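> Take this sequence and fold it.
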Amino acid sequence: MIKLPAAWTAQPERAQRSGGYRHFAVLGQRGRGRERTVELQAVLDPGYRLLVPLGELRDRDAWQPGWQQLPQEQRPADVPVQAESILPKSLKSSHSTMDL
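Predicted coordinates:
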């Protein structure tokens, strides 16, 4: 299996096609070679899952490893940034990886 970061952030355009969710956790991998896909689960809705081709997950215009904050200019004014306080210890580092 390929070692991947355990957490991913959908970039704004991709988030529009991901149910509006930005933060995802890796559940597993399927397939081989060019057919490999990664199963992701939305952090805010564990019932929302995606199968993303590995090649798309490596596209930094669509996905970023770790849970990234929105740039200040894109944040709603009434939503405080407290992501660090809700992250599980295993995912607080954007460099954490999972063997799948």
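> Quick one: list the elements packing against the longest strand along the chain.
Under DSSP state E, the strand in the chain containing the largest number of residues is strand 23-30. Here strand 23-30 is seen to pack against strand 4-5, strand 7-10, strand 37-42, strand 49-53 when contacts are counted using 3 or more Cβ pairs under 8 Å, 6 or more residues apart in numbering; DSSP states H and E. Heads up, the C-betas are built off the backbone N, CA and C, glycines and all.
> which parts of it are buried?
By 16 or more other Cβ atoms under 10 Å, the buried positions in strand 23-30 come out as 23-27, 29.
> Check stretch 43-63 too.
43, 50, 52, 54, 57, 62-63.
> coming back round to it: neighbouring strands - and their directions - for the longest strand of the chain?
Here strand 23-30 is paired, per DSSP bridges, with strand 7-10 (antiparallel), strand 37-42 (antiparallel).
> Please identify the deepest-packed of these.
Comparing the strands paired with strand 23-30 by mean neighbour count (mean count of other Cβ atoms under 10 Å), strand 7-10 comes out on top with a mean of 24.
> With just CA atoms, put it into CSV.
Taking only C-alpha atoms (Å, rounded to 0.1, in the frame of the first residue of the first chain), the coordinates of strand 7-10 have been written out as CSV:
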residue,chain,number,x,y,z
ALA,A,7,-6.1,14.0,6.5
TRP,A,8,-6.9,16.0,3.4
THR,A,9,-8.4,19.3,2.6
ALA,A,10,-10.4,19.9,-0.6
